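Trainee: okay, sequence plus prediction incoming.
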Amino acid sequence: MLNQLISNTPIYVWAILGFLAFRGIKSSVDRELTVRAVVIIPLVMLALSIQGILSGFGADPLVLAAWLATMTAAAAVSWNMVSDKNIRILADRGTVFYRGSWGPLVMMMAIFVMKYIVNVALHVNPALHTNMQFALISTALFGLFSGLFLGKMLRVLIMYKQAMSEKSVFTNQVTA
């Protein structure tokens, strides 16, 4: 059965897995990123989450509320976990320094595996599309993972904006 599942998986799914693995492995080493690069993975994860919810369960208000609630809670936790020891804004370069971590790879693989399992379950048992318990658990997990990425991204963007504002004020004082 596993062989049949894998062989019936569309090629683009394996391309997404490859992209996520590549980005996750790159995250394991110290790196300097542009602001654009900081938002790529969180936005991809958010899009995958929303797509998974809508394609699997539709726009049911209770399902969307479960997703939003867990995403908000996870974003708050992630926001508070951002540390100056692991992330620094390099205002003079206009970039963000990230200390290497295997956490993003683990998170991306968890989201991918969860999305894969949910899609397989829905394909094998179409009745799960209308099973509210399955929908709430699935969407809450999608929200959890998305929120962890989103909270960190938002915190880094705020840190970046503050650092760039301070640099601008300092530059204006020096040139005045």
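Mentor: Here it is on my side, so go on.
Trainee: distance of the nearest residue to residue 102 once chain neighbours are set aside from residue 152?
Mentor: Counting by C-beta to C-beta, 6 or more residues apart in numbering, residue 102 lies nearest to residue 28, which is 5.2 Å off, once chain neighbours are set aside. Bear in mind the C-beta positions are built from the backbone N, C-alpha and C, glycine included. For residue 28, the distance to residue 152 equals 16 Å [C-beta to C-beta, to the nearest Å].
Trainee: need the longest helix for the protein.
Mentor: Ordering each helix of the chain by length in residues (DSSP state H) puts helix 132-175 first.
Trainee: tell me who's in contact with the closest residue to residue 82 other than its chain neighbours.
Mentor: Nearest residue to residue 82, sequence neighbours excluded (C-beta to C-beta, 6+ apart): residue 155, at 4.3 Å. Contacts for residue 155 (C-beta atoms under 8 Å, 6 or more residues apart in numbering) come out as 78-79, 82.
Trainee: which one's more surrounded, residue 28 and residue 152?
Mentor: Taking neighbours as other C-beta atoms under 10 Å, residue 28 and residue 152 compare with residue 152 leading, 25 against 13.
Trainee: on the three-state scheme, the residue nearest to residue 102 is what?
Mentor: coil (DSSP: H, G, I helix; E, B strand; the rest coil).
Trainee: now do stretch 140-148: distance to the chain's middle.
Mentor: 8 Å (C-alpha atoms, centre = their mean, to the nearest Å).
Trainee: what's it in contact with?
Mentor: 42, 45-46, 49, 52-53, 66-78, 107, 110-111, 114-115.
Trainee: between the contacts of residue 155, which is closest to residue 127?
Mentor: Using C-beta to C-beta, residue 78 comes nearest to residue 127 of those, at 34.4 Å.
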